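Q: quick one, what's the 3D model for this:
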Amino acid sequence: MAQLYFYYSAMNAGKSTSLLQSAYNYQERGMRAEIFTAALDDRYGIGKVASRIGLKADAHLFNQQSDLFERISQLTEQGKIDCLFIDEAQFLTKSQVKQLTKVVDQLKIPVLAYGLRTDFLGETFEGSHYLLAWADKMFELKTVCHCGKKANFVVRWDENGNPVKQGAQVQVGGNDTYESMCRKHFTQLVW
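A: Sure thing, here's the model as predicted:
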């Protein structure tokens, strides 16, 4: 039975690595796995999902105007899709999360969405908010703070190494811009 899964974490927990490994497992068994990623994150090239450990794969792009149900329906015309993977799922809109529920319920395709739960201010992203509300199953992938405790928040740093306490929710960046921290260290710097 197809279900909607949400794998969430702070940065550097291995979300993309897990997605790529799972997609590879399907492909290795001769099954068709389709991968989607946010168009605004082109750090590793346009239409690429890449992990920090060097794994990468081609992906379809989505932006805020994409109709994922329609796009995936079109892809099924080329043959059965055994599993759908969504990287950077925090960038989905409410409407797109609804579309993914239709992919599961009407097209009967399992959807595995991977993304951040919260932004640099500790607020949920729109996509994460609705995935947390509507996913059939949720899994937290864990990473660690510099103190060794579980990191579940992300601090954004400015060009001078100061924590950012306001600004646009979305700023694409990596380890040069963001650092995962436990709640204690996050709140000391941001709240």
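Q: what sits closest to the spatially most central residue of the chain if chain neighbours are left out?
A: By C-alpha atoms, centre = their mean, the mean C-alpha position of the chain lies nearest to residue 115, the distance being 2.4 Å. Of all residues beyond its chain neighbours, the one nearest residue 115 is residue 89 (3.3 Å), with distances taken as C-beta to C-beta, 6 or more residues apart in numbering. Yep, even glycine has a C-beta here, placed from its N, CA and C like the rest.
Q: also residue 67?
A: Across the structure, with C-beta to C-beta, 6+ apart as the measure, the residue nearest residue 67 apart from its sequence neighbours is residue 99 (6.6 Å).
Q: output the contacting helices and strands for whichever strand or helix holds the one you found.
A: Following DSSP states H and E, one finds residue 99 within helix 94-105. Helices and strands touching helix 94-105, by 3 or more C-beta pairs under 8 Å, 6 or more residues apart in numbering; DSSP states H and E, are strand 4-9, helix 68-76, strand 83-86, strand 111-116, helix 126-134.
Q: who wins for proximity to residue 51 among these?
A: strand 111-116 (10.9 Å; C-beta to C-beta).
Q: sorry, back to before: okay if I get the helices and strands packed on helix 94-105 as a markdown table plus mean pLDDT and distance to residue 182?
A: Listed next are the helices and strands packed on helix 94-105 as a markdown table, based on pLDDT from 0 to 100; distance: least, C-beta to C-beta, whole Å:
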| stretch | mean pLDDT | distance to residue 182 |
| --- | --- | --- |
| strand 4-9 | 98 | 13 |
| helix 68-76 | 98 | 34 |
| strand 83-86 | 98 | 27 |
| strand 111-116 | 98 | 16 |
| helix 126-134 | 98 | 19 |
